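S.K.: pasting the structure only:
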DNA sequence: ACCTATTTGTCCGTATGTATG
DNA sequence: CCATACATACGGACAAATAGG
């Protein structure tokens, strides 16, 4: 079983999906290159709406854990399990960002803009 | 007029809303402390769905530009207009991230993790 | 302390578009 | 050309937090 959700939880369904899937990706029980079930299939098996799964998938894509594209589905990113090793330089970057009184989301937005140039 | 959207554009409606509002916030034509129209009001005036506006509002909140809460509405954040001055430091952060061969999404995910500690 | 109106938050359903293979 | 699968947008319903009376 890939995962389960609790409709009675105080946590939103899409949040449960994100944390559940992300945890398994980081843990390695879902390997890089693995294909996640289609949003429709996972939604049916968990008895939730397709949009709820898609919202979770899109969050995981924004976080870089999966590659999500039309017509192809969701594939666990190659770099997903390497993230733990890359955090060395990041903490310093975060410290600087905090000194600038940025929020995490703001920094991410600014980074995406700056990345293009 | 606060802004306008073009249904025929190749850009999604929520994206037009985000860039339009963010631009005005950065430019200062919408000042810190200003209250944005309720999602329903803006949706009605632009003839788009409430969910489309809410999605845009939630993105602006994630980016730190507005304070968005149930029952209160959307208020432009105090730090919002300082963002234009922060781009200098960000480009340097991005350069370092690129040197580490990070993807934008990967960096965002790492940042959110590191932010907690 | 209570009630009510306001406003966002989540979820469901449906329809249509669009990139992929 | 066609089936697949995500992307966006619309609509409706109810829940939950907030503010004010």
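M.R.: Nice, I can see it. On a predicted model such as this, the values are computed, not experimentally measured, just so you know.
S.K.: lowest-confidence helix or strand of chain A?
M.R.: None of the helices or strands of chain A scores lower by mean pLDDT, DSSP states H and E than helix A:87-99, at a mean of 54.
S.K.: close to DNA strand D: what parts of chain A are there?
M.R.: Within chain A, the positions adjacent to DNA strand D are A:36, A:38-40, A:51, A:54, A:57-58, A:61, A:68-74 by Cβ under 7 Å from any atom of the strand. All C-beta spots, glycine's among them, are computed from the backbone N, C-alpha and C.
S.K.: what about 6 Å?
M.R.: Applying Cβ under 6 Å from any atom of the strand, one finds that chain A approaches DNA strand D through A:38-40, A:51, A:54, A:58, A:68-71, A:73-74.
S.K.: list the contacts for the most centrally placed residue in chain A?
M.R.: Centroid-nearest residue in chain A, with Cα atoms, centre = their mean: residue A:60, separated by 1.8 Å. If you count contacts by Cβ atoms under 8 Å, 6 or more residues apart in numbering or on different chains, residue A:60 has them with A:18, A:21-22, A:25, A:66, A:68, A:74.
S.K.: cutoff 10 Å now
M.R.: By Cβ atoms under 10 Å, 6 or more residues apart in numbering or on different chains, the contact list for residue A:60 reads A:17-18, A:21-22, A:25, A:36, A:66-68, A:74, A:76-77, A:80, B:105, B:109.
S.K.: who wins for neighbours among those?
M.R.: If you count neighbours using other Cβ atoms under 10 Å in any protein chain shown, the busiest of the contacts of residue A:60 is residue A:66, which has 28 neighbours.
S.K.: who's in contact with that one?
M.R.: A:21-22, A:25, A:30, A:32, A:34-36, A:56-60, A:73-77, A:80, B:105.
S.K.: can you do 8 Å?
M.R.: The contact partners of residue A:66, taken as Cβ under 8 Å, 6+ apart, are A:25, A:36, A:57, A:60, A:74-77, A:80.
S.K.: tell me the one among those nearest to residue A:1.
M.R.: Compare each of those with residue A:1 using Cβ to Cβ and the shortest gap goes to residue A:36, at 13.6 Å.
S.K.: distance of that closest one from residue A:63?
M.R.: To residue A:63, residue A:36 is 14 Å away according to Cβ to Cβ, to the nearest Å.
S.K.: residue A:33 is in contact with residue A:76, correct?
M.R.: Yes. The pair residue A:76 / residue A:33 is scored as a contact, 6.3 Å apart, by Cβ atoms under 8 Å.
S.K.: before we move on, back to that, of the contacts of residue A:66, closest to DNA strand D?
M.R.: residue A:74 (5.1 Å; Cβ to the nearest atom of the strand).
S.K.: quick one, phi/psi of the closest one?
M.R.: Main-chain dihedrals, residue A:74, degrees, to the nearest 10: phi -110, psi 120.
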